[in-house]
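>>> Pasting the sequence and the predicted model now:
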Amino acid sequence: MARILDGKAIQQQILDELKPRIARLAAARRPPGLVAVLVGDNPASQLYVSSKVKTCRELGMYSEELRLPESTSTEELLRHIEEFNQREDIDGILVQMPLPRQIDSRRVLLAIRPDKDVDGFHPFNVGQLVANAPAPRACTPAGVMELLRRSGIEVAGAEAVVVGRSDIVGKPMALLLMHAHATVTICHSRTRDLPAVCRRADILIAAMGRPAFITAEFIRPGAVVVDVGINRITDRAEAERIARGAPAKLAAFEKNGSVLVGDVHPGDVATLASAYTPVPGGVGPLTIAMLMANTVECAEKRLG
Ligand code: NDP
């Protein structure tokens with residue numbers, strides 16, 4: 001029986017460890033402060049931002065949410081970022097991606113002060129990651145590393161395969177695994193014979209954005225499988241395919257008219273893996289935990 005890697009429980013551990021650090025900062029100077037900027041009205045982004053802001057408040061951190069209209073220009077957004085860069089009470093600036101098409105995302109990422117870049121996307125911090133030097137790390141891959149470490153999964157020497165090469169997940173994920181001494185293979189849409197490459201993995205990380213794409217033929221029996229994907233399924237035939245061996249998914253679909261699934265087939269992974277992350281409740285909660293950890297660390301650096 002495969003072990004389920006419970007992201008919620010590990011999130012709680014991380015948050016509990018942050019609480020005394022937050023209390024110390026609040027007593028000595030002020031609580032750590034995070035601002036979340038949301039442009040437009042993408043419902044998924046709204047949900048992400050409100051759960052980040054809510055977690056901040058529950059931890060006793062200061063948090064602020066700036067909502068801007070879909071029509072916001074790059075220059076307007078840059079003006080707000082400059083103001084947050086200057087503000088003494090703000091330690092972390094988060095701009096929720098994706099941004100509307102007219103906004104130059106690269107200029108926006110470059111404008112955030114690297115020491116307030118709690119998402120770890122600024123090119124300076126990406127360079128620090130490549131060099132394995134201290135800096136805020138991208139939250140999702142950093143969360144996966146915490147999940148592996150706290151679950152007692154040996155990374156050093158392991159064959160790790162990362163499917164996906166995006167700037168926010170795949171690439172930083174591969175670098176963090178390499179720094180932790182795994183032998184890393186990065187796959188993408190041009191990879192030849194993806195199932196065969198994936199079957200080499202002791203640790204398989206799926207970050208593709210393709211619902212239940214990773215099926216039995218991709219998973220070596222006994223592998224640890226981490227599913228970063230979050231996909232909402234609204235099509236019944238698709239829900240039925242995914243529910244093979246995982247009837248709870250179909251039940252959720254029947255109840256809500258849609259269901260959340262990862263990039264890994266839930267029935268197949270439960271049969272073959274030694275341990276795996278569920279969706280929801282796997283990697284997602286870790287992303288939020290690492291955002292909180294990055295904000296606390298930035299505050300500790302700033303406030304001495
Ligand atoms: P992107 O769309 O930016 O990148 C997807 C990557 O997967 C690309 O590198 C692409 O290859 C690769 N890919 C797509 N299809 C295939 C295929 N058929 N075979 C091999 N490789 C393929 O996605 P993100 O990295 O931003 O996100 C990935 C998933 O993770 C999404 O489901 C997203 O919702 C989720 N996510 C979850 C988070 C969490 O907190 N749990 C946080 C962030 C993202 P190529 O480069 O060749 O196009």
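Happy to help now that I have it. Because the structure is a prediction, the values reported are computed rather than measured.
>>> now the helices for the stretch 201-304 of the chain?
236-243, 247-256, 266-272, 283-303 (DSSP state H, counting those that start in this stretch).
>>> Report the separation between whichever residue of the stretch 1-150 of the chain sits closest to the ligand and Ser73.
Of all residues in the stretch 1-150 of the chain, the one sitting closest to the ligand is Thr140 (4.2 Å; Cβ to the nearest ligand atom). Glycine gets a C-beta too; all of them are placed from N, C-alpha and C. Going from Thr140 to Ser73 by Cβ to Cβ, to the nearest Å gives 29 Å.
>>> So what's the residue count around Glu240?
Here the count is done by other Cβ atoms under 10 Å, and Glu240 has 13 residues near it.
>>> My guess is it contacts Leu250. True?
Yes. Using Cβ atoms under 8 Å, Glu240 is in contact with Leu250, at 6.5 Å.
>>> Can you tell me which residues in this structure are near the ligand?
Counting by Cβ under 6 Å from any ligand atom, the residues of the chain lying close to the ligand are 140, 163-166, 168-170, 187-191, 194, 207-210, 228-231, 283-284, 287.
>>> The same query, at a cut-off of 8 Å, please.
Proximity of the chain to the ligand (Cβ under 8 Å from any ligand atom) is limited to residues 139-140, 143, 163-170, 187-191, 194, 207-210, 213, 228-231, 262-263, 279, 282-284, 286-288.
>>> Among the helices of the stretch 201-304 of the chain, show me which one is buried the most.
Highest mean neighbour count among these (mean count of other Cβ atoms under 10 Å): helix 283-303, with a mean of 23.
>>> Show the secondary-structure elements that it is packed against.
The helices and strands touching helix 283-303, judged by 3 or more Cβ pairs under 8 Å, 6 or more residues apart in numbering; DSSP states H and E, are helix 7-28, strand 33-39, helix 43-58, strand 92-95, helix 139-150.
>>> Quick one: closest of these to Cys298.
Of all the helices and strands packed on helix 283-303, strand 92-95 sits nearest to Cys298, with 5.4 Å by Cβ to Cβ.
>>> Each with direction, which strands does the closest one pair with?
Note on strand 92-95: by DSSP bridges, its sheet partners are strand 33-39 (parallel).
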